[in-house]
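**Q** would you be able to build a 3D model of this:
(chains A and B)
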Amino acid sequence: MDAIATTAIAELQGLVREHRRVHVCGNGSKHVSPLSGYVALSTAALRGVIEYQPSEFVITVAAGTPVAEVNALLASHGQYLPFDPLFVESGATIGGTIAMNACGSERYRFGGARDFVIGVRFIEGNGELVRGGGKVVKNAAGFDYPKLFVGSCGRLGLIVELSFKVFPKPEAYASLRVSLPSLEDALALLPKLTNCPYDLNAVDLVMENHTRTTLWVRVGGIAEALPRRMDRVRALVGSGEVLSGPEEEHFWNDMREMRWMESGDVLVKVPLTPRWIPALDARIARWKRRYSVGGNVAWIATPSLAETDAALTSLRLSGLVLRSQAPDPHIGYRPFNPFAERIKRALDPLNKFG
Amino acid sequence: MQPAALVPYECDALLAFRERPLCVVLPESQEEVVQVVRLCHHFGVPFVARGSGTGLSGGSTPVPGGIVIAMNRLNRILKVDVEQRFAVVEAGVVNLDITRTVASRNLLFAPDPSSQPVCTIGGNVAFNSGGAHCLKYGMTSNHVLALKVVLPDGELAFLGSESLESVDADYVGMFVGSEGLFGIALEVTVRLLPRPETYRTVLAAYRSLQAAGDAVSQVIAAGILPGALEIMDHLSIQAVEAAVHPGYPTDAAALLIVELEGEQHQVEAEWRRLESVLKASQPYLLKAAQNEEERLKIWKGRKSAFSAAGRLYPDYIVQDGVVPRSRLGEALAEIERLSQKWGIKVANVFHAGDGNLHPLIMFDGNQPGSYERAEELASEIIDVCIRLGGSITGEHGVGMEKRRFMPRQFGPAEIACMNATRDAVDPKRLANRGKRLSEEFTSAHTLVGAHPLERAGVIARE
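**A** The predicted structure is shown next:
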């Protein structure tokens, strides 16, 4: 890490020690803003790739580095972050991506951020700079702080640096698009797809209006094998249109950037399994929504957080608000977790990170 | 229980550490486990949870004055959801039984430690077990969706959910691999994967270990992502060939096993690339498995490497260090140099794709001082791994065995943070006391050769 970043880390440590309440922010791509009484700590000065040797398939970056920069560097060596970080074009930082666990549709194939982060450096509530994990892909020494920080929402400490294992990037993609009369039809097809051995990269459902549903299945890999792989996927589904090139890319890019939302709506992420989808959909059918990651995530674009909160609570589902100025990103069902309480007490005993 | 009945619980598969437990509890239900933990907390009695005792780092060695909670009777598969691809199992369920249960539905539980016919999922969770197929789909942690755990004071916690995604910090990830220090997993929700449609398994024989190591780098650099990439050196090849006759070329200095897995057209395309990369790496023999039988034979050899090594020497120490993949060649050369310096034979079998070494350091426990010298050599190998930017353990865990190396890999701030985390979860330090972190006591060293199950080839130190 260069001299500026080292100074920046020392400064951030000082600020954490000095202030009663601190709020970590990256580049604001998820519109999270500090609460009153909290001092905003920006990771903007923590920028740059710290270590990257392409043959190692591991990269270490400062937390404030835009994901777009990381993606571009990796792509120039035929590599990528397989968990499909969101809001890349909106300027998302790698630290914010991990803190909010903002993974997209393609996390379906090889796993989420938790499955690729192998090292973390963070500032604890007492201002100490601590390293967890390392820079090798297999590591059983010490507690798994790198995973712990995925989805920590800035509440366990300030992420300074992250190491990831990366994979070879699929050299080509193709998708199957199928329009179906109802959500039920789509859900009936889902297990066929999620249990097939065709190594699908993404399986998403787009709700066009109240019921009409478009199923999107993405496949990536070696270009010469793709046509035959797509034939098989199409045969499995029974119908649909095979797309490749800009139109195909455009759809998944809009998904990654959440461009399908109405401006002014708030984006809520709801982890679930396919079985929960009918009950949830019945409660939120008036809003724009998509079911992603093979039916493991609902994305809801809602004008009303209160109504969404009530709908989720009634089904005992939890939600995370990703784009709003809401004071607390967690809505819906929030069970007490004594393990979480204890971990929080260890890393941030004075509750500085909120 | 009679004193003699306690003997099997004195150690796990790392036989160098032994301790007689105060008693062994065999709970029949989750509720009984919780009650026992609460009693331990009330009376301040340290406890160690134990599955099948196949751990390799002394992680389930009893604590003096402590009890063992043997989880083997909690062996029910509670739920299998084929459509949503998950299963809920109790901690004492054997790893391979999960895959056996779902195999007819073309699903599998991916983590495949060599001891998978006997090791329990609870132990896999505690130590984040790996195996030969971690390269593509990761370790145990990458396949656990949710946990029901009893914390060290008897409080229950539910972590994660059935979904692949979450809105919380990853407490499941934090619990998995915590070596029992955060409490005991009672129920584990595991993710199941569709069984790969096809495999392509190839054996490449080289005249030097360096050439095999270089081939690994070339395969990875070519953008091919195999399911497994394994190397065995001359000594291990000979041991294996003598023991299970997998048809390995015994004159090879090194053998590379590469396995592709997945959708058939993709695998065929990958295979064409792999074949040209491997040919360019100039092996003197390149042999692809022609059918499932040949494939299993190749793997049988690899998976019995450690039990076979027992034929060469009465005892050996297995190390589990990791180095950055691009520095494998350097690490192997260093191990060779150290082996010569100490005059101790070292066989190498390792997960090359992950940079995870498994040097087997040979010694004869009946010779005075021989164990100590082997330990010194092992310690120097660990230093090499740290110096090259790696880790002291890839998948076996710290346990008792590698506690003393922790301060070499981590600084005082890191150790303090780990202690603070542990103390917040378990203020009385009752759960698996003396493992991974502290040095509150040391067990007597004893040397007794291979584990009986290992001699029988049922388990292996991989």
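**Q** what about the residue in the stretch 101-250 of chain A positioned nearest to chain B, neighbour count?
**A** Closest residue of the stretch 101-250 of chain A to chain B, Cβ to the nearest Cβ: residue A:147 (2.8 Å). Every residue, glycine included, has its C-beta placed from N, CA and C. Per other Cβ atoms under 10 Å in any protein chain shown, the neighbour tally for residue A:147 reads 28.
**Q** mind listing the strands for the stretch 51-200 of chain B?
**A** B:67-70, B:77-81, B:86-90, B:107-108, B:144-150, B:156-160, B:184-191, B:193-194, B:198-206 (DSSP state E, counting those that start in this stretch).
**Q** for the stretch 251-400 of chain B, that is, sorry about that
**A** With DSSP E, counting those that start in this stretch as the criterion, the stretch 251-400 of chain B has strands at B:254-262, B:285-288, B:315-318, B:346-351, B:359-363.
**Q** in a markdown table: those, plus mean neighbour count and mean pLDDT.
**A** Formatted as a markdown table, the strands of the stretch 251-400 of chain B follow (neighbours: other Cβ atoms under 10 Å in any protein chain shown; pLDDT from 0 to 100):
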| stretch | mean neighbour count | mean pLDDT |
| --- | --- | --- |
| strand B:254-262 | 24 | 96 |
| strand B:285-288 | 16 | 96 |
| strand B:315-318 | 23 | 89 |
| strand B:346-351 | 26 | 91 |
| strand B:359-363 | 24 | 93 |
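**Q** out of the ones you listed, the one nearest chain A is which?
**A** strand B:254-262 (4.9 Å).
**Q** direction included, what does the closest one pair up with?
**A** Neighbouring strands of strand B:254-262 in its sheet, by DSSP bridges, are strand B:198-206 (antiparallel), strand B:228-233 (antiparallel).
**Q** quick check: next helix or strand after the first one?
**A** If you walk from strand B:198-206 toward the C-terminus, the next helix or strand you reach (DSSP states H and E) is helix B:209-221.
**Q** coming back round to it: ranking the strands of the stretch 51-200 of chain B by burial, who's on top?
**A** strand B:184-191 (a mean of 24; mean count of other Cβ atoms under 10 Å in any protein chain shown).
**Q** what sits up against that one?
**A** Contact with strand B:184-191 is made by B:30, B:33-34, B:37, B:49, B:69, B:71, B:74, B:78, B:85-91, B:93, B:98, B:109, B:121-122, B:125-126, B:143-150, B:160, B:162, B:164, B:175, B:431, as judged by Cβ atoms under 8 Å, 6 or more residues apart in numbering or on different chains.
**Q** near chain A, from these?
**A** B:85-86, B:149, B:162, B:164, B:175 (Cβ under 8 Å from any Cβ of the partner chain).
**Q** closest to residue A:243 out of the residues you listed?
**A** Nearest to residue A:243 among those is residue B:164, at 25.1 Å by Cβ to Cβ.
**Q** so the closest one versus residue B:290, what's the distance?
**A** According to Cβ to Cβ, to the nearest Å, residue B:164 stands 37 Å off from residue B:290.
**Q** show me which of these two is the more surrounded one.
**A** Legend: neighbour count by other Cβ under 10 Å for residue B:164 and residue B:290, higher for residue B:164 (24 against 9).
**Q** residues contacting the nearest residue to that one once chain neighbours are set aside?
**A** Distance criterion Cβ to Cβ, 6 or more residues apart in numbering or on different chains; nearest residue to residue B:164, sequence neighbours excluded, is residue A:296 at 4.2 Å. For residue A:296, the contacting residues are A:108, A:271-274, B:163-165, by Cβ under 8 Å, 6+ apart.
**Q** now do 10 Å
**A** Residues near residue A:296 by Cβ atoms under 10 Å, 6 or more residues apart in numbering or on different chains: A:107-108, A:112, A:194, A:203, A:270-274, A:276, B:84, B:145, B:161-166.
**Q** out of those, which sit inside helices?
**A** In helices, judged by DSSP state H, the following of the contacts of residue A:296 are found: A:107-108, A:194.
**Q** which of those residues has the most neighbours?
**A** Ranking those using other Cβ under 10 Å puts residue A:107 first, with 30 neighbours.
**Q** surely that one meets residue A:150?
**A** No - using Cβ atoms under 10 Å, residue A:107 makes no contact with residue A:150, being 11.4 Å away.
**Q** any shared contact partners between these two?
**A** By Cβ under 10 Å, 6+ apart, the residues touching both residue A:107 and residue A:150 are A:83, A:101, A:113-116.
**Q** output the below-cut-off pLDDT ranges for chain B.
**A** B:1-3, B:439-462 (pLDDT under 70).
**Q** contact partners for the residue in the stretch 51-200 of chain B positioned nearest to chain A?
**A** In the stretch 51-200 of chain B, the residue that lies nearest chain A is residue B:173 (2.8 Å; Cβ to the nearest Cβ). Contact analysis of residue B:173 by Cβ under 10 Å, 6+ apart lists A:114-115, A:117, A:143-151, B:128, B:141-142, B:144, B:159-160, B:166.
**Q** 6 Å instead, please
**A** Contacts for residue B:173 (Cβ atoms under 6 Å, 6 or more residues apart in numbering or on different chains) come out as A:114, A:144, A:147, B:141.
**Q** show me the domain layout of chain B.
**A** B:1-195+B:408-434+B:442-462, B:198-300, B:309-407 (automatic domain parsing).
**Q** redo the ones you listed as JSON lines? Include distance to residue A:43.
**A** Compiled in JSON lines, the domains of chain B are given as follows (distance: least, Cβ to Cβ, whole Å):
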{"stretch": "domain B:1-195+B:408-434+B:442-462", "distance to residue A:43": "18"}
{"stretch": "domain B:198-300", "distance to residue A:43": "32"}
{"stretch": "domain B:309-407", "distance to residue A:43": "25"}
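**Q** and of those, who's closest to residue A:133?
**A** The closest of the domains of chain B to residue A:133 is domain B:309-407. By Cβ to Cβ, the value is 8.9 Å.
**Q** skip the chain neighbours and tell me the closest residue to residue 249.
**A** I went with chain A, as the question did not name one. residue A:173 (7.2 Å).
**Q** correction: the question concerned chain B.
**A** Residue B:249 sits nearest to residue B:205 (Cβ to Cβ, 6+ apart), 4.7 Å away.
**Q** quick one: residue B:118 and residue B:51 touch, right?
**A** No - between residue B:118 and residue B:51 there is no contact under Cβ atoms under 6 Å: 8.9 Å.
**Q** who has more neighbours, those two?
**A** Ranked by neighbour count (other Cβ under 10 Å), residue B:118 and residue B:51 place residue B:51 first, with 29 against 17.
**Q** excluding chain neighbours, what is closest to the more buried one?
**A** The shortest distance from residue B:51 to any non-neighbouring residue, by Cβ to Cβ, 6+ apart, is to residue B:120 (3.2 Å).
**Q** what are the bridge partners for that neighbour, then?
**A** Going by DSSP bridges, residue B:120 forms beta bridges with residue B:94.
**Q** separation between it and residue B:306?
**A** Taking Cβ to Cβ, one finds residue B:120 at 20 Å from residue B:306.
**Q** who has more neighbours, these two?
**A** Neighbour count, other Cβ under 10 Å: between residue B:120 and residue B:306, residue B:120 has more, with 30 against 26.
**Q** and the more buried one, what does it touch?
**A** Residue B:120 makes contact with B:51-52, B:92, B:94, according to Cβ under 6 Å, 6+ apart.
**Q** from chain A, how far off is residue B:342?
**A** 24 Å (Cβ to the nearest Cβ, to the nearest Å).
**Q** which residue, other than its chain neighbours, is closest to that residue?
**A** residue B:377 (4.7 Å).
**Q** repeat for residue A:157
**A** What sits nearest to residue A:157 in space, not counting adjacent residues and going by Cβ to Cβ, 6+ apart, is residue A:122, at 4.1 Å.
**Q** before we move on, the earlier item: nearest to residue A:15, of the strands paired with strand B:254-262?
**A** strand B:228-233 (45.1 Å).
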